[in-house]
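Asks: Take this sequence and fold it.
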Amino acid sequence: MKNRIFKNEKVEELKHFIRSTCEGCTDGSVKYKDFHKSLITHYFEARNVEIFYDKRRIVAEILVGMDYVPINFDCLDLSVFLSSCIKEDQQSLETYQNYMKTFSTRTMVTYRGD
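Replies: The predicted model follows:
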């Protein structure tokens, strides 16, 4: 029971972080593009992930069997899509925690002077 509550808290924390990183995203000003790409890469075992915020489009290569297959799709609500990509196993949750620490710290250091 305690583990389930902890897991739910971590998932909700991640969803909140995703929502906050998606606010006002455009191709010209994306502080968290690498974070968004990392979520997609982790969930789909993808490579060459590109997000076109202005066009609301995601392009990537995903692993199908033993081969990578190119995909290209519209994403009307990036925050909802990225939140749906959350894996809830312990290893993934630890990976996401590391993502949040890394990208939060990097942004704070990068944008300290603003």
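
Asks: for this protein, what are the low-confidence residue spans?
Replies: 1-6, 28-30, 105-114 (pLDDT under 70).

Asks: Show the residue spans covered by the strands in it.
Replies: 46-52, 57-64, 67-74 (DSSP state E).

Asks: Serialize these to a markdown table and add fields for mean neighbour count and distance to Val80.
Replies: Using the backbone N, CA and C atoms, a C-beta is placed for each residue, glycine as well. As requested, the strands of the chain are exported to a markdown table (neighbours: other CB atoms under 10 Å; distance: least, CB to CB, whole Å):
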| stretch | mean neighbour count | distance to Val80 |
| --- | --- | --- |
| strand 46-52 | 15 | 14 |
| strand 57-64 | 16 | 13 |
| strand 67-74 | 11 | 13 |
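
Asks: could you dump these to CSV with distance to Asn98?
Replies: As requested, those are exported to CSV (distance: least, CB to CB, whole Å):
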stretch, distance to Asn98
strand 46-52, 18
strand 57-64, 21
strand 67-74, 25
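
Asks: how about the helices of this structure, start to end?
Replies: Remark: helices assigned in the chain by DSSP state H are 2-22, 33-44, 78-84, 90-110.

Asks: among the ones you listed, which is nearest Asn72?
Replies: Closest approach to Asn72 among the helices of the chain is made by helix 33-44 (12.9 Å; CB to CB).

Asks: and the closest one, what does it pack onto?
Replies: helix 2-22, strand 46-52, strand 57-64, helix 78-84, helix 90-110 (3 or more CB pairs under 8 Å, 6 or more residues apart in numbering; DSSP states H and E).
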